[in-house]
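Trainee: My questions concern the predicted model and sequence given below.
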Amino acid sequence: MPKQKIKYVCGECGYESTQFLGRCPSCNTWNSLTEEIEEKTVTTLQRLGLTDIGIGSQTSESDKSSGQPRASFLLSQISDQSLSRMPSGFEELDRVLGGGIVPGSLVLIGGEPGIGKSTLLLQVANQLSSRCRVLYVSAEESGQQVKLRSQRLIVNLNEVEVEEEDKDNVSNVEMDEDLSSNENKDIVSNVEMDEDLSSNEGQESNDNSESTKDSTTDSHENLFLLPETDLEVILRELESLKPYLAVIDSIQTIYFASLTSAPGSVAQVRECTSALMQVAKRENITLLIVGHVTKDGALAGPRVLEHLVDTVLYFEGDRFASHRLLRSMKNRFGATHEIGVFEMVANGLKEILNPSELFLGSRDEYASGTSTVVSMEGTRPIVVEIQALVSPASHGAPRRSTTGIDSGRLQQILAVLEKRVGIPLSKLDTYVATVGGLSVEEPAADLGVAIAVVASFRDRVVDPRIILLGEVGLGGQVRPVSQLELRLREAAKLGFKRAIIPKGQQTPDLGMRILPIAKVIDAIIAAIPAQPPTMEN
C-alpha cells in the first residue's frame with residue numbers, strides 16, 4: 001500500500017504547505033493550518049462518474065461522443081440569445097446583479113447569521129417559480145422547517161414538492177400525501193363554492209379567477225425542495241430536473257463522501273463548488289449559493305471560492321436596524337460596489353426603491369451640526385445626512401467617535417480645520433454619524449463632514465436645502481469629485497436648491513444655484529450663517 005502524503009491547509013485562505021507552520025504566510029493568520037491527506041488529482045465529476053466539461057455550450061454531439069477536445073470558434077459566432085437576463089422579482093436585486101439574472105451564472109451571497117440570506121433567496125425562488133422551474137436545496141433545514149419559514153413569510157408554498165431520497169421516510173411521506181389529499185379536497189370544494197358565487201357576478205370575473213388559479217398552480221408545480229447535504233444526490237437531481245434556477249443553502253454544509261475532510265473544510269468547499277459550477281455551466285442552470293462568514297466578517301472558506309463564482313454579493317446590516325444592504329463585491333456581468341436596499345418587515349424583506357428617503361433626516365427640523373452630501377454606491381447616487389456633535393471633553397483625552405464615517409478621515413479633517421481654519425478642536429469631543437448608519441467611505445463626503453463639525457462648534461444651522469460635495473486636502477483646499485453631474489441630478493430631483501462644489505468642475509443647468517469654492521474656509525462662509533436662523537426664515 002503506497003504511503004499517504006500529508007499536507008497542511010490554511011482554513012482561512014486555502015494556502016497549502018508540506019510542513020506545519022504556526023502562522024500562514026499568505027494571510028498571516030495564526031494556528032489556521034490543519035493536516036489533510038493529499039488526494040489524487042481527479043475531478044469531482046470523474047469520481048462521481050459524470051462527464052467532465054468545460055465552459056460554454058458550443059460542443060457538438062459528435063465531439064461529446066468521440067471525446068475529442070472542442071475546437072476554437074469565433075467570438076462573433078456565439079449567439080447572445082441565451083444570455084438574456086431574467087428579472088428576479090426584486091428591482092433592488094436586479095440592480096445589484098447588473099440588470100437581472102444571467103442564465104448559467106453562479107452567485108455567491110454571504111452575510112452574518114440571521115441577516116436574511118435565506119429569507120431573500122426563498123422569496124426570489126417563489127417569485128421565479130411562476131415563470132420557470134426552481135430547485136431549493138436546503139442543507140441546513142428540513143423540509144418541514146422550510147415550510148414553517150415560508151408560512152411565516154407568507155410565501156405561496158402550500159404544495160411544494162419535496163424530493164426525498166431516504167427510503168426510511170417513505171411511510172412518513174405517504175402519510176403526508178394522504179393528509180395533503182384531504183386538504184386538497186377541502187380546497188377543491190371551497191373553490192367550487194367560490195366559482196358558483198362568482199358566476200352570479202359575471203363571466204369576466206370568473207375568467208379572472210380561473211387565470212389566477214392557474215398561475216398559482218403553476219407556481220406550486222415549479223418550485224421543488226430538496227433537503228440534502230450529499231453532493232452526489234444534489235448533482236443527480238440537477239441533472240434530472242434541469243431547473244432554470246437552483247438555490248444552494250449553504251455551501252459549507254454540503255459534503256463529498258469521497259473526501260476524508262469534514263464539511264466546510266477548504267477541500268470540501270473547493271471540490272463541491274467546482275462540481276456545482278461545471279454542472280451549472282453545462283446545463284445552463286443559474287446557481288444562488290449561500291456562504292458563511294468568519295468572525296471577522298469575511299467569507300468563510302478558501303479564496304478560490306470567490307474566484308470560481310461569477311458574482312459575489314454581501315448582505316449586511318445592523319442588528320438594531322431594520323434596513324439591509326445587498327452589496328456587490330464582484331460581478332462579471334455588471335458594476336461592482338452596487339447596492340440594493342431592503343427593509344426587514346414581519347412578512348419578509350421589502351425593497352426600498354428610493355433609499356435617499358431612508359438615509360435623509362427630516363428637513364423640517366432645525367438642528368445645529370447637520371449637513372447633506374451625495375454618496376455614490378456603485379452607479380447609484382444616495383443622498384445622506386451627516387450629523388456632528390462637538391462638546392467639551394469630560395476627561396483628559398478627547399474622544400473621536402464615528403458611525404458610518406471612516407475614523408481616519410475624521411482625524412484628518414479635524415487637523416485641517418484646526419491648522420488651516422483656526423478652529424480649536426484638539427481638546428473637544430467630536431462625534432460624527434450618518435443617518436441610518438450607511439457607510440460613506442469615499443472622500444467626496446469630506447466637505448460635508450467638515451461643515452457639520454464647524455456648524456456644531458459654532459451652534460449654527462446649515463440650510464437643509466444645500467448639498468456639499470468635495471474632498472478636503474491637507475492644505476485646506478477642496479478637490480474635485482467624480483460623477484458630479486449624477487450627484488447633482490439626484491439632489492435636484494429631491495428638491496435641493498443650492499450646491500457647494502469644488503471650483504473648476506463643469507455642471508449642467510439643473511435649476512440649482514451652484515457655488516464653486518476653492519478652500520474649506522470659503523465653504524464655511526458660504527454654508528454657515530453668521531447668526532442663528534429664526535423660524536420665519
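Mentor: Alright, I've got the coordinates.
Trainee: Burial check on P302, number of neighbours?
Mentor: 23 (other Cβ atoms under 10 Å). C-beta coordinates here come from the backbone N, C-alpha and C atoms, glycine included.
Trainee: so who does the residue nearest to it when sequence neighbours are not counted touch?
Mentor: Residue nearest to P302 in three dimensions, not counting chain neighbours: G14, with 2.9 Å by Cβ to Cβ, 6 or more residues apart in numbering. Listed by Cβ atoms under 8 Å, 6 or more residues apart in numbering, the contact set of G14 reads 266, 270, 301-304.
Trainee: Tell me the pLDDT of G14.
Mentor: In this model, G14 is scored at 75, pLDDT.
Trainee: Doesn't it belong to a helix?
Mentor: No. G14 is assigned coil when assessed by DSSP: H, G, I helix; E, B strand; the rest coil, not a helix.
Trainee: Please tabulate the contacts of G14 in CSV, including the columns secondary structure, distance to L484 and pLDDT.
Mentor: Below are those laid out as CSV (DSSP: H, G, I helix; E, B strand; the rest coil; distance: Cβ to Cβ, whole Å; pLDDT from 0 to 100):
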residue, secondary structure, distance to L484, pLDDT
V266, helix, 45, 84
R270, helix, 44, 88
G301, coil, 40, 70
P302, coil, 41, 72
R303, coil, 36, 76
V304, helix, 39, 79
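Trainee: Could I get the average pLDDT for the strand ranked longest in the chain?
Mentor: Longest strand in the chain, counting residues (DSSP state E): strand 380-392. For strand 380-392, the mean per-residue pLDDT is 94.
Trainee: after that strand comes which helix or strand?
Mentor: Next helix or strand after strand 380-392 toward the C-terminus (DSSP states H and E): strand 400-403.
Trainee: burial of L75, as a residue count?
Mentor: L75 has 6 nearby residues by other Cβ under 10 Å.
Trainee: Same check on L74?
Mentor: L74 - counted by other Cβ under 10 Å - has 6 other residues nearby.
Trainee: For S150, see how far away it is.
Mentor: Separation of L74 from S150 (Cβ to Cβ, to the nearest Å) stands at 47 Å.
Trainee: Touching, E141 and P227? I think so.
Mentor: Yes. Under the criterion of Cβ atoms under 8 Å, E141 is in contact with P227, at a separation of 7.0 Å.
Trainee: Quick check: E228 touching I234?
Mentor: Yes. E228 lies in contact with I234 (Cβ under 8 Å); the separation is 5.7 Å.
Trainee: which regions of the stretch 351-500 of the chain sit below the pLDDT cut-off?
Mentor: Residue ranges of the stretch 351-500 of the chain with pLDDT under 70: 361-366.
Trainee: Same question for the chain.
Mentor: 1-3, 39-70, 80-83, 154-220, 361-366, 532-537.
Trainee: just so I have it, where are all the helices in it?
Mentor: Taking DSSP state H as the criterion, the chain carries its helices at 44-47, 61-66, 91-97, 117-128, 143-152, 170-199, 203-221, 231-241, 266-283, 304-308, 407-416, 446-458, 484-493, 520-527.
Trainee: circling back: and the residue nearest to P302, what are its phi and psi?
Mentor: Main-chain dihedrals, G14, degrees, to the nearest 10: phi 90, psi 10.
Trainee: From P263, how far out is it?
Mentor: 16 Å.
Trainee: Please apply the same query to E442.
Mentor: Distance of E442 to P263, given as Cβ to Cβ: 40 Å.
Trainee: Once you drop chain neighbours, what's closest to I101?
Mentor: Nearest residue to I101, sequence neighbours excluded (Cβ to Cβ, 6+ apart): M86, at 4.9 Å.
Trainee: Tell me how many other residues surround that neighbour.
Mentor: Neighbour count of M86, defined by other Cβ under 10 Å: 16.
Trainee: Check G334 too.
Mentor: Applying other Cβ under 10 Å, we find 19 residues neighbouring G334.
Trainee: thinking it is in contact with L313, fair?
Mentor: No. The criterion here is Cβ under 8 Å, and G334 misses it with L313 at 10.9 Å.
Trainee: any common contacting residues for those two?
Mentor: With contacts defined as Cβ under 8 Å, 6+ apart, the residues shared by G334 and L313 are 96, 328.
Trainee: which residues does the residue most central in space within the chain bridge with?
Mentor: Closest to where the C-alpha atoms of the chain average out (Cα atoms, centre = their mean) is L326, at 2.8 Å. Applying DSSP bridges to L326 gives these bridge partners: F315, G340.
Trainee: and the end-to-end length of stretch 6-15?
Mentor: End-to-end distance for stretch 6-15: 14 Å, by Cα to Cα, to the nearest Å.
Trainee: no, scratch that, I was asking about stretch 257-277
Mentor: Using Cα to Cα, the end-to-end distance of stretch 257-277 comes to 18 Å.
Trainee: Check stretch 303-317 too.
Mentor: Stretch 303-317 has an end-to-end distance of 23 Å (criterion: Cα to Cα).
Trainee: Can you give me the neighbour number for the nearest residue to R152 once chain neighbours are set aside?
Mentor: Leaving aside its chain neighbours, R152 sits nearest to N347 (7.6 Å; criterion: Cβ to Cβ, 6+ apart). N347 has 12 neighbours, counted by other Cβ under 10 Å.
Trainee: who's in contact with L428?
Mentor: 390-393, 398, 457.
Trainee: Ok, L299 next?
Mentor: 108, 110, 291-293, 305-306, 312, 314 are the contacts of L299 under Cβ under 8 Å, 6+ apart.
Trainee: do the same with V312
Mentor: Residues in contact with V312 (Cβ under 8 Å, 6+ apart) are 107-108, 110, 299, 306, 328-331.
Trainee: From these, list just the buried residues.
Mentor: Listed as buried from the contacts of V312 are 107-108, 110, 299, 306, 328, 331; burial here means 16 or more other Cβ atoms under 10 Å.
Trainee: Need the max-distance pair from those residues.
Mentor: L299 and N331 (15.1 Å; Cβ to Cβ).
Trainee: can you pick the most crowded of the contacts of G14?
Mentor: Highest neighbour count within those: G301, with 28 neighbours (other Cβ under 10 Å).
Trainee: Okay, it and A267: tell me how far apart.
Mentor: Taking Cβ to Cβ, one finds G301 at 10 Å from A267.
Trainee: what's the overlap in contacts for those two?
Mentor: By Cβ under 8 Å, 6+ apart, no residue touches both G301 and A267.
Trainee: re the thing from before, mind checking which of the buried ones among the contacts of V312 land in strands?
Mentor: 107-108, 110, 328, 331.
Trainee: which one of these is nearest I251?
Mentor: If you rank those by distance to I251 using Cβ to Cβ, L108 comes first, at 7.8 Å.
Trainee: show me what contacts that closest one?
Mentor: 251, 289, 291, 299, 305-306, 309, 311-313.
Trainee: can you tell me how far it sits from S261?
Mentor: 21 Å.
Trainee: Next: E271.
Mentor: With Cβ to Cβ as the criterion, E271 and S261 are 9 Å apart.
Trainee: Looking at these two, which is more packed in?
Mentor: Between E271 and S261, counted using other Cβ under 10 Å, E271 has the larger neighbour count: 23 against 19.
Trainee: List the buried residues for stretch 246-264?
Mentor: Buried, per 16+ other Cβ under 10 Å, within stretch 246-264: 246-256, 259, 261, 263-264.
Trainee: ditto for stretch 85-102
Mentor: Buried residues in stretch 85-102 (16+ other Cβ under 10 Å): 85-86, 88-90, 92-98, 100-102.
Trainee: from the chain's centre, how far out does it sit?
Mentor: Taking Cα atoms, centre = their mean, to the nearest Å, the mean C-alpha location of stretch 85-102 is offset from the chain mean by 12 Å.
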